[in-house]
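> Provided below are the primary sequence and the corresponding predicted coordinates.
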Amino acid sequence: METSKEVQEKAKPKPDPRDKLFKSEGKPLLLSSSPHLYTRDSVPKIMWTVVITLIPAVAMAFYYFGTPAIIMIVACIIAAIISEVIMNKIKGESITLGDGSAAITGLLLALTLPPSFPVSGGILGSVFAIVFGKQVFGGLGYNIFNPALLGRAFLQASFPVAMTTWTYPQTAKYAAVDVVTTATPLGLYKFEKILTNIGDLLIGNIGGCLGETSALAVLLGGIFLLIKKYADWRIPFSYLTTVFIIAGIFWLVDPASYADPLFHLFAGGLMLGAFYMATDMVSSPITPLGAWIFGSGAGVFLMVIRLFGGVPEGVMYSILLMNAFTPIINRYTRPRFFGEVRA
C-alpha cells in the first residue's frame, strides 16, 4: 500500500525535458522576434572604419596638392558635424555625432571637389549635404540619395566654373606648368583625344578632384571594406565590370575614337564612387539581386554619359540616378518568404 508521501510525489507534474531549451544556466531565455543575429559591428564602428580606410587617399591628396587639400577636408568635416548638431537640436533629437555618419559625409564630399575650389564653397556643400541630403529625410537610415553626392550635385549646379577648374599636382613633373590651367584625364581625352598614362592614373599624378589623386589608394581602402563585409562586393564588382565590358566593346570596334577599358576604370572618380558612394548601406539595395542590378545600372548610365554626354565624367549622376531606383529594386527583388505563394 502506497504511503501519502509516495502519492504526493506521483501527483507532482513531471518536468518537461523541453524546458531545458528555454533556460540557460538556470535563467529563462529571452524570446524575441527575428532576426536572431549577433554581431560586434555597429554603425559607429563601420562609419569610423570607413574614415580610416580613406586615410591613404587623404595622404595622397596632401602629397599632390599640399596644405589646401587638408584645409578643404577639415573644413568640410567640421561643417558637416556642426550642421548635424544644429539639425539634431532643431528636431529635438539626441546628438548623433558618435555614429560618424556626418564626418564621413564631409570627408567624401571634400574628396569629390577640385583642389582649387574655395573652402567656403566646400562648407556650403557640406551644410547642404547634411541638411537636405540627410536630415530632411529623417536622419541616418532614411535618406534616399547619398548625401555627399547630393551636396556635390548642388555645388556643380551652383558653381559650374569653379567645379571644373583643375590644379596640377605639386610634383616635379609639373614644376614649370601653370598651376590652374589643366584638365582631368577624362576631359583631356574627350575634348583633345590625349590619353593619360595608366601609371599616372594609378598613383594619382594627374589633375582632378582630391579623391582622384590615386586610384590605387582608394582601391586598397575599398578592398579592405569588402573583406570586412562593410560593403556589398556585388555593387562595385558589377559596376566596374559593366564599365569594363561596355568600354571594351567600343574600344574594340573603334580604338581610334574610344579609350581602352583600363583607362575608364582608373580615370575619374570611378574607384571612389564604386567602393564608397555606390555601396552606401542606406541608399543602395538590400537584396543580392538588387545589388547586381544597381551596380550594372550605374555602369550603363556612367558609360552613356562618358561616351555620348556633354560632360567627361558621370559617376555622380550614375549613382544618384540608381539611388532613385533603389526602392523599386528592393520591392521587386525581395526574396520569397518560406511557404509564401502567389495570390
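Thanks, I have the structure now.

> Need the three-state assignment for the residue lying closest to Val119 once chain neighbours are set aside.
In this structure, Val119 finds its nearest non-sequential neighbour in Ala75, 4.9 Å apart by CB to CB, 6 or more residues apart in numbering. From N, CA and C alone the C-beta is placed, and that goes for glycine too. Under DSSP: H, G, I helix; E, B strand; the rest coil, the three-state class of Ala75 is helix.

> Gly92: neighbouring residues, count only.
6 (other CB atoms under 10 Å).

> what's the spacing between the residue nearest to Val119 and Leu201?
27 Å (CB to CB, to the nearest Å).

> Same drill for these two, tell me which one is more crowded.
Leu201 (23 against 18).

> Test my guess that that one contacts Ala215.
Yes: here Leu201 lies in contact with Ala215, judged by CB atoms under 8 Å, at a distance of 5.7 Å.

> got any residues that touch both of these two?
Here Leu201 and Ala215 have Phe266 as joint contacts, going by CB atoms under 8 Å, 6 or more residues apart in numbering.

> Once you drop chain neighbours, what's closest to Leu236?
For residue 236 the amino acid is Pro, not Leu. Ala274 (4.1 Å).

> same check, this time on Ala80
Gly106 (3.2 Å).

> Would you confirm that that neighbour contacts Ile78?
Yes: if you go by CB under 8 Å, Gly106 and Ile78 touch, sitting 7.3 Å apart.

> Looking at those two, which is more packed in?
Gly106 (32 against 15).

> per-residue confidence for that one?
Gly106 is assigned a pLDDT of 95 by the prediction.

> Make sure Arg40 is indeed in a strand.
No: per three-state DSSP, Arg40 lies outside any strand segment and is coil.

> Can you classify Gln170 by secondary structure?
coil.

> Excluding covalently adjacent residues, which one is nearest to it?
Counting by CB to CB, 6+ apart, the residue nearest Gln170 is Gly66, at 5.5 Å.

> Check Trp48 too.
Closest to Trp48 by CB to CB, 6+ apart is Gly100, at 4.6 Å.

> so that neighbour touches Val51, yeah?
Yes: with contact defined as CB under 8 Å, Gly100 reaches Val51; the gap is 6.5 Å.

> between those two, who's got more neighbours?
Gly100 (21 against 15).

> got the contact list for the more buried one?
With CB under 8 Å, 6+ apart, Gly100 has these contacts: Val43, Pro44, Met47, Trp48, Val50, Val51.

> Spatially central residue for this protein, please.
Met277 (2.3 Å; CA atoms, centre = their mean).

> correct me, but it touches Ala148?
Yes: assessed by CB under 8 Å, Met277 is found in contact with Ala148 at 6.9 Å.

> what touches both of the two?
In contact with both Met277 and Ala148: Leu108, using CB under 8 Å, 6+ apart.

> List the residues that contact the residue lying closest to Leu109 once chain neighbours are set aside.
Leaving aside its chain neighbours, Leu109 sits nearest to Ala148 (4.4 Å; criterion: CB to CB, 6+ apart). Listed by CB under 8 Å, 6+ apart, the contact partners of Ala148 are Ile104, Thr105, Gly106, Leu108, Leu109, Thr112, Ala129, Gly133, Met277.

> Show the contacting residues for Gly269.
By CB under 8 Å, 6+ apart, Gly269 lies in contact with Thr112, Gly208, Cys209, Gly211, Glu212, Glu313, Val315, Met316.

> distance of the residue nearest to the centre of the chain from Arg152?
10 Å.

> Narrow the contacts of Ala148 to just the buried residues.
Ile104, Thr105, Gly106, Leu108, Leu109, Thr112, Ala129, Gly133, Met277 (16 or more other CB atoms under 10 Å).

> In helices, which of the residues you listed appear?
Among the buried ones among the contacts of Ala148, the members falling in helices (DSSP state H) are Ile104, Thr105, Gly106, Leu108, Leu109, Ala129.

> Save those as a markdown table, and put in distance to Arg336 too.
Shown next, in a markdown table, are these (distance: CB to CB, whole Å):
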| residue | distance to Arg336 |
| --- | --- |
| Ile104 | 35 |
| Thr105 | 36 |
| Gly106 | 41 |
| Leu108 | 36 |
| Leu109 | 39 |
| Ala129 | 37 |
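
> just the strands in the protein please.
Using DSSP state E, the strands of the chain run over 23-24, 27-28.

> Lowest average confidence across those, which one?
Among the strands of the chain, strand 23-24 scores lowest, at a mean of 52.
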